[in-house]
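Student: what's the 3D shape of this:
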Amino acid sequence: MVIEQIYTGCLAQGAYYIESKGEVAIIDPLREVQDYIDKTQKNNAKIKYIFETHFHADFVSGHVTLAEKTNAQIIFGPTAKTNFNAIIAEDKQVFTLGELTITVLHTPGHTMESTCYLLKDENGKDHALFSGDTLFLGDVGRPDLAQKGTLTENDLAGYLFDSLRKKVMPLADDVIVYPAHGAGSACGKNLSKETVGTIGNQKATNYALRADMSKDEFIKEVTDGLLPPPAYFPLNVKLNKEGYQDVDKVIERSAKPLNAKEFEVLANETDAIILDVRHQEDFIKGFIPQSIFIGINGGFAPWVGALIKDIHQPILLVTPAGKEEDTITRLSRVGFDNVLGYLDGSFNAWKSTGKEIDALESVSALALAEKIKENAFVFDVRKPGEFNSEHIENVPNTPLDFINNHITEFPEKAPFYVHCAGGYRSVIAASILKARGFHNVIDVAGGYAAIKKTAIKTTAFVCPSTLK
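Tutor: Model prediction:
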């Protein structure tokens, strides 16, 4: 028996490769599938099944392409409806894989078709649970993504409570848990950085699996503090239900080198966004006016999905040399297939022509400390949880995810400063504000990590229920 977790940090996503006696199952594959095919060929094996735990919202799965290339059968849980051939399994249906079996455990709640897959070893012993977005390490799936008609997030949370207690918690403590996501995913609130656990550990540590928890308590805790989902989520669900183009064709169409003149013409004649994915330190020093920065070395794809609302949006790329196809691939993972081309030679090709460039002012945390003494305007673009944990006194929270909702709060003329945790998100925020005409925005290098080392006064949010 071979079980391999194939974890993609950019998406905080886990796909799984299972092999027994030359037969292979893939669970929740990435959109680019050649690595799975290469692995089976190297092992002289054949992909028999492609299991999908649910219709993913945060990325485009590779199930359709992988089935087309291998003739493997796609399997979804009960109630799923697709526009392509798939086995819609019944609850407790068993699939044989070499000497192993995989049992379908329908676990509605995150979505109504959400399903876990229980792997039993060659002796028939429960070995591992592939828990999708039903159970994470430290958390459970958010119940607000599949609301339809009269079905509310409270209804879904109630289904999730029942699913966990009837299908998951009765499993033995030594059963391994392989979730679909880890920390960094927007599919849950409190995901662990660990990507493999056990049922016993989760019973002991996961707030949502407390044995003494009532359904009402569960619903309240699971739904409390949920931020609105990124706008691209329903668009990815649609692709995963209906199908999509092979990523190789997307790359072939999109990996088009453009000289500076061609790039400028397309930028002027289309409504394309200029997306600059270089390192933030390079972006700060100089960029094409109106560019939006989202660095490929950070949480690139999820931030693109959160900040660019439409997956059909035309995009022109400025990338580090040699990262063109990688960038296009990462965009395709979240459904952004409409790349018009990239600037051949990167930013230097633009700069060398003498065309107009822009730059971003950035200051140190020590410099910010002096400006705060002069009552400078400062904005914290971290997530609310980070902000509530600790923040600069009297500074508002304007989370990057929802920066467009806070546009009227930024000064039109007076200089103002933005910071995040380490300097990546603040540059994203500053680039968006610059593109919207806020040329008075100033980035704080090093973010809150650097701020904490200064004399700047900080405070933390105190929950009213903890006050004496």
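
Student: which pLDDT value belongs to Glu194?
Tutor: pLDDT for Glu194: 88.

Student: typed the wrong thing, it's Lys125
Tutor: Lys125 is assigned a predicted lDDT (pLDDT) of 98.

Student: okay, now it: neighbour count?
Tutor: 11 (other CB atoms under 10 Å). The C-beta positions use only the backbone N, C-alpha and C, and glycine is treated the same way.

Student: for Gly447, see how far away it is.
Tutor: Between Lys125 and Gly447 the distance is 48 Å, computed by CB to CB, to the nearest Å.

Student: what's the closest non-adjacent residue to Val24?
Tutor: Beyond its immediate neighbours in the sequence, the residue positioned closest to Val24 (CB to CB, 6 or more residues apart in numbering) is Ile47, lying 4.6 Å away.

Student: mind telling me what element the one you found is part of?
Tutor: Secondary structure assignment for Ile47, by DSSP states H and E: strand 46-51.

Student: ok, residues contacting that strand?
Tutor: Residues from elsewhere that reach strand 46-51, judged by CB atoms under 8 Å, 6 or more residues apart in numbering: 22-29, 36-37, 40, 63, 66-67, 70, 72-75, 95, 97, 102, 117, 130.

Student: then the helix or strand following it to PDB, C-alphas only?
Tutor: Once strand 46-51 ends, the next helix or strand along the chain (criterion: DSSP H and E) is helix 63-70. Below are the C-alpha coordinates for helix 63-70, written out as PDB (Å, rounded to 0.1, in the frame of the first residue of the first chain):
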ATOM      1  CA  HIS A  63     -10.700  15.400 -12.300                       C
ATOM      2  CA  VAL A  64     -12.000  16.200 -15.800                       C
ATOM      3  CA  THR A  65      -8.600  16.300 -17.600                       C
ATOM      4  CA  LEU A  66      -7.300  13.300 -15.600                       C
ATOM      5  CA  ALA A  67     -10.300  11.200 -16.600                       C
ATOM      6  CA  GLU A  68     -10.000  12.200 -20.200                       C
ATOM      7  CA  LYS A  69      -6.300  11.200 -20.300                       C
ATOM      8  CA  THR A  70      -6.500   8.000 -18.300                       C
END
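
Student: residues in contact with helix 63-70?
Tutor: With CB under 8 Å, 6+ apart as the contact definition, helix 63-70 has outside contacts at 26, 29, 31, 33, 36-37, 40, 46-47, 50, 52, 72-74, 84-85, 240, 243-244, 246-247.

Student: that one to strand 46-51, inter-axis angle?
Tutor: Using axes from the mean of the first three to the mean of the last three CA atoms, to 10 degrees, the direction of helix 63-70 lies 160 degrees away from that of strand 46-51.

Student: tell me the helix or strand right after helix 63-70.
Tutor: Using DSSP H and E, the helix or strand that follows helix 63-70 towards the C-terminus is strand 73-76.

Student: mind checking how far that following strand is from the chain centre?
Tutor: In this view, strand 73-76 has its centroid 24 Å away from the chain centroid, taken as CA atoms, centre = their mean, to the nearest Å.

Student: after that strand, next one along is what?
Tutor: Elements were assigned by DSSP H and E; along the chain past strand 73-76, the next helix or strand is strand 87-88.
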